[in-house]
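*Asks:* okay, here's the prediction I keep looking at, along with the sequence it came from:
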Amino acid sequence: MATAEMTCQELVELVTDYLDRALDAPTLARLEAHLADCPHCERYVAQIRLTIGALGTLESEPELTPEARQRAVAQFRAWKRG
Ligand SMILES: [Zn+2]
């Protein structure tokens, strides 16, 4: 069982897999442990989740300009490729 603490950098790299529910159980447990301790990452994950949700419904997210959304999507796709 993996007990190493997850870093913020690692979380950022895993967030799309997390939201896709593509993580294995030990990694998921480490990620959620990190989220419980790190308000920055918690906010970050919420932001990405909102972005994906906005894309899914084609509703515009009030706090997100079209430009900001495009940037987020580009970033999201870059992560998926990476
Ligand atoms: Zn963090």
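*Replies:* Structure received.
*Asks:* is the longest helix along the chain in proximity to the ion?
*Replies:* Secondary structure assigned by DSSP state H gives helix 39-57 as the longest helix of the chain. Yes: interface with the ion: helix 39-57 contributes C41 (C-beta under 5 Å from the ion). The way it works is simple: take the backbone N, C-alpha and C, and place the C-beta from them, glycine included.
*Asks:* show me what the helix or strand that contains T16 is packed up against.
*Replies:* Following DSSP states H and E, the helix or strand that holds T16 is helix 8-19. Applying 3 or more C-beta pairs under 8 Å, 6 or more residues apart in numbering; DSSP states H and E, we find helix 8-19 packed against helix 25-37, helix 39-57, helix 66-81.
*Asks:* how about L23, secondary structure?
*Replies:* Under DSSP: H, G, I helix; E, B strand; the rest coil, L23 falls in the coil class.
*Asks:* can you check the pLDDT for the nearest residue to it once chain neighbours are set aside?
*Replies:* Excluding its sequence neighbours, the residue lying closest to L23 (C-beta to C-beta, 6 or more residues apart in numbering) is D17, at 5.2 Å. Confidence at D17, expressed as pLDDT, is 92.
*Asks:* list the contacts for the residue nearest to Y18 when sequence neighbours are not counted?
*Replies:* Once flanking residues are discounted, Y18 sits nearest to L31: 5.7 Å by C-beta to C-beta, 6+ apart. L31 makes contact with M6, L11, L14, Y18, L23, according to C-beta atoms under 8 Å, 6 or more residues apart in numbering.
*Asks:* sweet, I'm off.
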